[in-house]
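Q: The sequence isn't on hand, but the structure is:
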């Protein structure tokens, strides 16, 4: 597999080597040793999640605050999405910047989103099945997020706003600036030790 750091180098794109013939295909969807070597982190994924979403559904931008911060390894089983990771580490040289990746069932790409980043995706196909590994369990009392439509982030979700569907909760999330001003303790510090 090919593992490539993105514009924010802590976020990496994984391109598996797919072996295909008339019978179908085979590929390694996860290699812990390769991902740890590429990221420099010891990874202990403990939970797999899956969602089914229709076209225009946007989920995010989500994160969990410490001590339940989560790294995510995300991929699309069927369909086509734009996947986004936003740096929310106070003091980071890329604070407030984001990385976008096109993940779909044709390219089979994956994105590793480390702790200290907010994550979200939007579905461009009629439906999409989205799966991801996390290295901490869901902890509702530590669940946080920032607005997908934050103008300062300037994320191109590639669909008109009137076609975007969010949950009521996601639609009411604050901007990154509001989160920084009202509850900076729910974000991350750039020098914070986020991994064992």
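A: Good, I have the coordinates. Here the structure is a predicted model, which means the values were calculated and not measured.

Q: so where's this structure uncertain?
A: Applying pLDDT under 70 to the chain flags residues 193, 196.

Q: would you list every one of the helices in it?
A: For the chain, the helices defined by DSSP state H cover 32-39, 168-171, 176-182.

Q: Those: which one's closest to residue 81?
A: For the helices of the chain, the distance to residue 81 is smallest for helix 168-171, at 15.3 Å, taking CB to CB. All C-beta spots, glycine's among them, are computed from the backbone N, C-alpha and C.

Q: Now the closest one: buried residues?
A: Across helix 168-171, burial judged by 16 or more other CB atoms under 10 Å covers residue 170.

Q: For that helix, name the packing helices and strands.
A: strand 58-64 (3 or more CB pairs under 8 Å, 6 or more residues apart in numbering; DSSP states H and E).

Q: How far off centre is the strand it packs on?
A: How far strand 58-64 lies from its chain's middle: 8 Å, per CA atoms, centre = their mean, to the nearest Å.

Q: Partner strands of that strand and their direction?
A: strand 117-123 (antiparallel), strand 143-145 (antiparallel) (DSSP bridges).

Q: What's the separation between the residue of the chain positioned farthest from its centre and residue 111?
A: Ranking residues of the chain by C-alpha distance from their mean position (CA atoms, centre = their mean) puts residue 22 at the top, at 33.4 Å. To residue 111, residue 22 is 30 Å away according to CB to CB, to the nearest Å.

Q: Residue 95 and residue 89 touch, don't they?
A: Yes. Counting by CB atoms under 8 Å, residue 89 is a contact partner of residue 95 at 6.1 Å.

Q: Could you name every residue contacting both of these two?
A: residue 190 (CB atoms under 8 Å, 6 or more residues apart in numbering).

Q: So if I had to pick from these two, which one is more boxed in?
A: Counted by other CB atoms under 10 Å, residue 95 and residue 89 do not tie: residue 89 has more neighbours, with 22 against 17.

Q: Contacts only, for that one.
A: When contacts are counted by CB under 8 Å, 6+ apart, residue 89 is found next to 95, 116, 117, 187, 188, 189, 190, 192.
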